[in-house]
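**Q** Quick one, what's the 3D model for this:
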Amino acid sequence: QVRLIESGGDLVQAGDSLRLSCVASGRTWTGYTMGWFHQAPGKERGFVAAITWSTNDTAYKDSVKGRFTISKDTPKNIIYLEIYGLKPEDTGVYSCAAGDWHSIVERGVGKYWGQGTQVTVSS
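**A** So this is what the prediction gives:
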């Protein structure tokens with residue numbers, strides 16, 4: 001059974017840093033693109049960052065470049081999203097997804113999805 005399980009969400013202060021984790025299991029991920037998405041309260045879910053499993057190519061939403069870093073631990077099948085200098089607008093549910101590059105990065109659509117982890121940033 002394919003599973004993407006996120007963790008690491010928390011209630012934090014503005015300016016803090018946070019590392020989110022997504023454990024991917026149930027299949028081999030060679031050829032897949034792993035993505036992180038953010039859904040703010042009352043808004044649609046949107047693409048944040050992506051990394052290819054095989055080549056470690058990355059992509060970021062323009063507004064998060066320099067503050068968000070995506071990485072992975074291949075032996076452990078974990079995808080990380082590090083967020084620096086958290087802002088109140090970073091509040092929301094962060095979800096992990098897997099799919100092909102075009103779908104994840106350009107269409108915001110994944111073949112597999114996790115349930116998400118809540119990040120709340122207080123000012």
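
**Q** Quick one: the helices in this structure, in order.
**A** 101 (DSSP state H).

**Q** ok, now which ones touch the residue nearest the centre of it?
**A** Centroid-nearest residue in the chain: Trp36, 2.2 Å away (criterion: Cα atoms, centre = their mean). Shown in contact with Trp36 (Cβ atoms under 8 Å, 6 or more residues apart in numbering): 20, 22, 48-50, 68, 70, 79, 81, 94-97. (C-beta placed from N, C-alpha, C; glycine too.)

**Q** For those residues, could you give me CSV that also reports distance to Gln118 and neighbour count?
**A** Output for the contacts of Trp36, formatted as CSV (distance: Cβ to Cβ, whole Å; neighbours: other Cβ atoms under 10 Å):
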residue, distance to Gln118, neighbour count
Leu20, 10, 23
Cys22, 14, 28
Val48, 15, 22
Ala49, 18, 27
Ala50, 21, 25
Phe68, 17, 20
Ile70, 19, 22
Ile79, 18, 29
Leu81, 14, 27
Tyr94, 8, 25
Ser95, 11, 22
Cys96, 14, 27
Ala97, 17, 26
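
**Q** nearest to Gly8, of the residues you listed?
**A** Set against Gly8, the nearest of the contacts of Trp36 by Cβ to Cβ is Leu20 (4.1 Å).

**Q** So that closest one is in contact with Ile5, correct?
**A** No. Using Cβ atoms under 8 Å, Leu20 is not in contact with Ile5, being 11.3 Å away.

**Q** Farthest pair within the contacts of Trp36?
**A** The widest separation within the contacts of Trp36 (Cβ to Cβ) is 15.5 Å, between Phe68 and Ala97.

**Q** out of the contacts of Trp36, who's nearest Thr120?
**A** Tyr94 (11.2 Å).

**Q** Enumerate the beta-bridge partners assigned to that closest one.
**A** With DSSP bridges as the criterion, Tyr94 is bridged to His38, Thr117.
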